[in-house]
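Just need the structure, nothing else, for what follows:
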Amino acid sequence: MAAFPWHARSRNYVSESEVCKLESVPLDFGDYHPLKPITVTESKTKKMNRKGSTSSTSSSSSSSVMDPLSSVLDGTDPLSLFAAAADPVTTTATMDSTRKKRDKDDSSAVGSDFEPWSSKRGEILSRYTTTEKLSINLYMGSEKGKATTTGSAVSEKVRTRLEELDDLEEGSQKELLNLTQQDYMNRIEELNQSLKDAWSSDQKVKALKIVIQCSKLLSDTTVIQFYPSKFVLITDILDTFGKLVYERILSMCMDNRVSLPDNFSPEIVNDTAKETCLNWFFKIASIRELIPRFYVEAAILKCNKFLSKTGISECLPRLTSMIRGIGDPLVAVYARAYLCRVGMEVAPQLKESLNKNFFDFLLTFKQIHGDTVQNQLVVQCVEIPLYLTLYSPAIDWILQCIAYHAPEVLLTEMMERCKKLGNNALLLNSVMSAFRAEFIAARSMDFIAMIKECDESGFPKHLLFRSLGLNLALADPPENDRLQILNEAWKVITKLKNPQDYINCAEVWVEYTCRHFTKREVNTVLADVIKHMTPDRAFEDAYPQLQSIIQKVITYIYDFSLLFSVEKFLPFLDMFQKESVRVEVCKCIMESFINALTLEDEKRMLAALINGFIKMVSFGRDFEQQLSFYVEARSMFCNLEPVLVQLIHSVNQLAMETRKVMKGNHSRKTAAFVRACVAFCFITIPSLSGIFTRLNLYLHSGQVALANQCLSQADAFFKAAVSLVPEVPKMISVDGKMRPSDAFLLEFLCNFFSTLLVVPDHPEQGVLFLVRGLLNVIQDYTWEDNNDDKVRIYTNVLHLLSAMTQETYIYHVDKVDSNDTLYGGDSKFLAEINKLCETVIAQILDHLKTLGKEETLKRQSQLALYFFNTILAHGDLRNNKLNQLSVNLWNLAQKHGFADTKTMVKTLEYIKRQSKQPGMSHLTDLALRLPLQSRT
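Numbering: from 1, shown residues only. Have a look, this model is predicted:
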């Protein structure tokens, strides 16, 4: 292979640093903000006549622009009426005293005892899945809304904006069919990202289109079993939109860089922010379809705070009433759940709308069993029990919001209303899931009576008993009812034929049995579990539930002898026939009765305590006494490796504190003292067993010796590190698991190279003796065939050698002359460096050549681009051979289609930008020789 002589480019680190600094731009927050497209200076607008003519007060600025939506629409238009209703001046003036009193309760925010929606999100996504194909409408963009000229009329701007909004309904969508569930979720994530990108690029209309489009997806129930997960995904986008709008308006309220307080009053919001807020509500009011209009307005409900104190309390009942227009009961109940969620976030004290949503749902509950829904289920081949479970997340959430800090009277009323409905198992399950466990436990017999009356064909009774059992695990029922409750529940549970249904229910009631009864009842329950789970080896599919049962039994039966006197306990353990599970269960039992640390645990704990003590010991400025203490501690704790590591770090810190006191100018006494510190570290490190612990401590201690001008000692540390590299094993233990060591070795060597830049050559050892020694070790080290770390190390060596050729190095150690000072750019020194570079390049190219096989082409592409970037950053591309080599590497990276197109494009753009820098014009020719190859 032809040799490629290396020519490093000259670097001026100071000027490069200046170029890379960000330009400081002063901002006047009072007059300008980058997200503020229009500044409205009109403060009053007289009522407009039906012909559209307007009259207004004189403007304070001749260049002011009227708000387009409020200046064009006539007085009888619904949007104008909406504006009049939402006028903050009017609403503030008519605010009554009861509203003022309620506003004081804003501080009663939701506490930590309220389970947030985010904790339910993952469970819903994992539970409600589908294998059927899904469809989605993607926003394709439009070219209709082109920017108008500066002198265009206001009406033209309004027309353009309205056309952009209408464009969504005029075919600017593309329907994607036959998507898998994962594809569907990826598309939704793309829409979420598109929303953020549109917003950040100040395309507010496009952002609104995306949100409207996503909201429309919530009216589609063609794959009904996926609907709860779809609701979660879409409402994530709505939440993002609501947050962006709110923060946008909030940023407009900043006065002299001071933001509004948390509980701000609308009176202190400036007119510009209010106008912008109203514009958003106007845009949303113009959405034609009910479902997207409802969801988008609910998403920005919090923005009503900018307009009036009563805005949220007035909007919630109106939005609740809007849901009555949604015909599909499943779509409607999730809309109610979203409104309750937003309501709890922005105004948790307004309970009336929560109750109204639930009562409205009860009124339409019979729709679930109507012909329309039944026909839809027949078409989709969905059974009614499965269909009813789709309602659970929404109803559970609504009831959780209602039950939060609710009085007993309200909860009792809710329970009585549910009783009056037929086929109310679904509601009953949600009530038991959402209400306080104490409330449920106190009325356990009432709930059992209601469960008995439920229709088995609808919602399965065993799920109702499971929900009841979960409550009784958290709260105790009346003592006189406990045995009767267990008997009634177990009558139903023991009749279950499906092993999975049985074990899911039995697992919950085992805890109730252990908690309130003796070993006799526990033994009976365990015997029943064995009876149900042994046939057909059903236990093999229920190991997690069986483990949970064991955990509950040993939690409540503290005595070891009592536990093993339970007749069915050992037969129960026999069901754990999978070796790994059996070991885990036995370990769990042992840990519950034997609270003792292993030898290694004891060592680790003792070492941590001793290290804490060592860090606390200080003799002030008496550094010699401090070092004597460390020497004595080493002799006392020589068997505890973590303590030895801490002592080495402490001694190194002591040497650096000495340097700090002497300000780098050591006297004869302090120079001898730091050499003693260095000697302490040098003789202690070999006694450690961890290979990377030793390597890093050699490097760290060598850096400390170098900083204290102990050059021969620093060389000794670095030589020791170089000689230790061949001993690095292929696999090392990390947190108890075996891991490849290559990544750790690469990290260490890169750190080592950074240090070697400033280490001066020894006068008797020859030029770059440490670098040469390290290169020999790297060459002889046995690397894995499927690993490219050796080449990555060689490219980092090129970085080091290129930095060594500079007239002045990028950094230095104070009072230590590096090779730039010792050699002063001597031609022989530079020639030696270039020879090393030529050898390293040959090694890299040889390795690239070995990767020419089909299975390694991707690695070849990545390494070729990596080496290209090294030449670009550190090589002098005015040299023809280097220039041609870089072109060859560029083409090799793209040759087989494995190069990332975005990365290649960005690299080429960077080269073109660099070509405009002083002295870099030769990169222009290089850019012309670097083609971008298409993958097609």
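
who's in contact with Gln225?
Neighbouring residues of Gln225 by C-beta atoms under 8 Å, 6 or more residues apart in numbering: Tyr128, Thr129, Thr130, Gln380, Val382, Leu386, Leu390. C-beta: built from backbone N, CA, C; applies to glycine.

Take these and write them to a markdown table, including distance to Gly824.
Converted to a markdown table, the contacts of Gln225 look like this (distance: C-beta to C-beta, whole Å):
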| residue | distance to Gly824 |
| --- | --- |
| Tyr128 | 73 |
| Thr129 | 71 |
| Thr130 | 74 |
| Gln380 | 83 |
| Val382 | 84 |
| Leu386 | 83 |
| Leu390 | 80 |
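
Most widely separated two among these?
Greatest spatial distance among these (C-beta to C-beta): Thr129 and Gln380, at 15.1 Å.

From the contacts of Gln225, keep the buried residues only.
Tyr128, Thr130, Leu390 (16 or more other C-beta atoms under 10 Å).

Please report the distance of the first one from Asn652.
Spelled out, that is Tyr128. Distance check for Tyr128 against Asn652: by C-beta to C-beta, to the nearest Å, it reads 57 Å.

Phi and psi next, for the residue nearest to Ile287 when sequence neighbours are not counted.
Excluding its sequence neighbours, the residue lying closest to Ile287 (C-beta to C-beta, 6 or more residues apart in numbering) is Arg293, at 4.0 Å. The phi/psi pair for Arg293 (degrees, to the nearest 10) reads phi -60, psi -40.

Arg293 contacts Phe281, correct?
No. Applying C-beta atoms under 8 Å, one finds Arg293 not in contact with Phe281, separated by 10.9 Å.

who's more crowded, the two?
Remark: of Arg293 and Phe281, Phe281 carries more neighbours, 21 against 18, as counted by other C-beta atoms under 10 Å.

hang on, isn't that one packed against Ala299?
No. Assessed by C-beta under 8 Å, Phe281 is found out of contact with Ala299, at 11.8 Å.

For the residue nearest the centre of the chain, report the pLDDT, please.
Most central in the chain under C-alpha atoms, centre = their mean is Ser118, positioned 12.6 Å from the mean C-alpha point. At Ser118, the model reports a pLDDT of 86.

how close does it get to Asp236?
From Ser118 to Asp236 the distance is 10 Å (C-beta to C-beta).

swap in Tyr404?
Separation of Tyr404 from Asp236 (C-beta to C-beta) stands at 23 Å.

Which one of these two is surrounded by more residues?
Using other C-beta under 10 Å as the criterion, Tyr404 and Asp236 rank with Tyr404 on top: 18 against 15.

phi, psi of that one?
Main-chain torsions, Tyr404, degrees, to the nearest 10: phi -60, psi 110.

What of Val767?
According to degrees, to the nearest 10, Val767 has phi -70, psi 130.

and the gap between it and Ser723?
Between Val767 and Ser723 the distance is 20 Å, computed by C-beta to C-beta.

helices or strands up against the helix or strand containing Gln545?
Using DSSP states H and E, Gln545 maps to helix 543-556. Identification of packing neighbours for helix 543-556 by 3 or more C-beta pairs under 8 Å, 6 or more residues apart in numbering; DSSP states H and E yields helix 499-516, helix 519-533, helix 569-573, helix 579-593.

Can you give the distance of it from its chain's centre?
With C-alpha atoms, centre = their mean, to the nearest Å as the basis, helix 543-556 stands 33 Å off its chain's centre.

Dump it to PDB, restricted to CA.
Coordinates of each C-alpha in helix 543-556 appear next as PDB, following Å, rounded to 0.1, in the frame of the first residue of the first chain:
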ATOM      1  CA  TYR A 543     -45.100 -18.100  38.500                       C
ATOM      2  CA  PRO A 544     -45.300 -14.300  39.200                       C
ATOM      3  CA  GLN A 545     -48.700 -14.600  41.000                       C
ATOM      4  CA  LEU A 546     -47.500 -17.700  42.900                       C
ATOM      5  CA  GLN A 547     -44.300 -15.800  44.000                       C
ATOM      6  CA  SER A 548     -46.600 -12.900  45.100                       C
ATOM      7  CA  ILE A 549     -48.600 -15.400  47.300                       C
ATOM      8  CA  ILE A 550     -45.400 -16.700  48.900                       C
ATOM      9  CA  GLN A 551     -44.300 -13.100  49.600                       C
ATOM     10  CA  LYS A 552     -47.600 -12.300  51.300                       C
ATOM     11  CA  VAL A 553     -47.600 -15.400  53.400                       C
ATOM     12  CA  ILE A 554     -44.100 -14.900  54.800                       C
ATOM     13  CA  THR A 555     -44.900 -11.200  55.400                       C
ATOM     14  CA  TYR A 556     -47.700 -12.000  57.800                       C
END
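
So which residues make contact with it?
Looking at what lies outside helix 543-556 - C-beta under 8 Å, 6+ apart - the contacts are 503-504, 506-507, 510-511, 514-515, 522, 526, 529, 533, 539, 563, 566, 569, 572-573, 575-576, 578, 581, 584-585, 588-589, 592-593.

what about Glu453, neighbour count?
Neighbours of Glu453 under the rule other C-beta under 10 Å: 11.

go on, Leu562?
For Leu562, the neighbour count with other C-beta under 10 Å is 11.

For it, give me the pLDDT.
At Leu562, the pLDDT value in this model is 83.

Tell me the spacing between the residue nearest to it when sequence neighbours are not counted and Asp559.
Once flanking residues are discounted, Leu562 sits nearest to Lys519: 6.5 Å by C-beta to C-beta, 6+ apart. Lys519 sits 10 Å away from Asp559, going by C-beta to C-beta.

what does Val510 give?
Counting by C-beta to C-beta, the gap from Val510 to Asp559 is 18 Å.

Ok, Gln933 next?
Distance of Gln933 to Asp559, given as C-beta to C-beta: 75 Å.

before we move on, what about Ala475?
The value you get for Ala475 to Asp559, if C-beta to C-beta is used, is 26 Å.

ok, these two, which is more surrounded?
Ala475 (14 against 10).

pLDDT weak spots in this structure?
1-3, 22-109, 137-177, 255-258, 422-423, 455-458, 590-591, 593-599, 601-602, 934-936 (pLDDT under 70).

ranges for the strands of it?
134-139, 173-179, 731-734, 737-740 (DSSP state E).

how far does the last one sit from the chain's center?
It refers to strand 737-740. Taking C-alpha atoms, centre = their mean, one finds strand 737-740 lying 26 Å from the centre of the chain it belongs to.

list the helices and strands it packs on?
When contacts are defined as 3+ C-beta pairs under 8 Å, 6+ apart, strand 737-740 sits against strand 731-734.

what sits up against the strand it packs on?
Strand 731-734 is contacted by residues Ile691, Phe692, Met738, Arg739, Pro740, Ser741, Phe744 when judged by C-beta under 8 Å, 6+ apart.

Give me the buried subset of the residues you listed.
Buried members of the contacts of strand 731-734, scored by 16+ other C-beta under 10 Å, are Ile691, Phe692, Ser741, Phe744.

Now do the same contact list for the nearest residue to the last one once chain neighbours are set aside.
If you skip the residues right next to it in sequence, Phe744 has Phe692 as its closest partner in space, 5.5 Å away by C-beta to C-beta, 6+ apart. If you count contacts by C-beta under 8 Å, 6+ apart, Phe692 has them with Val728, Ile732, Ser741, Phe744, Phe748.
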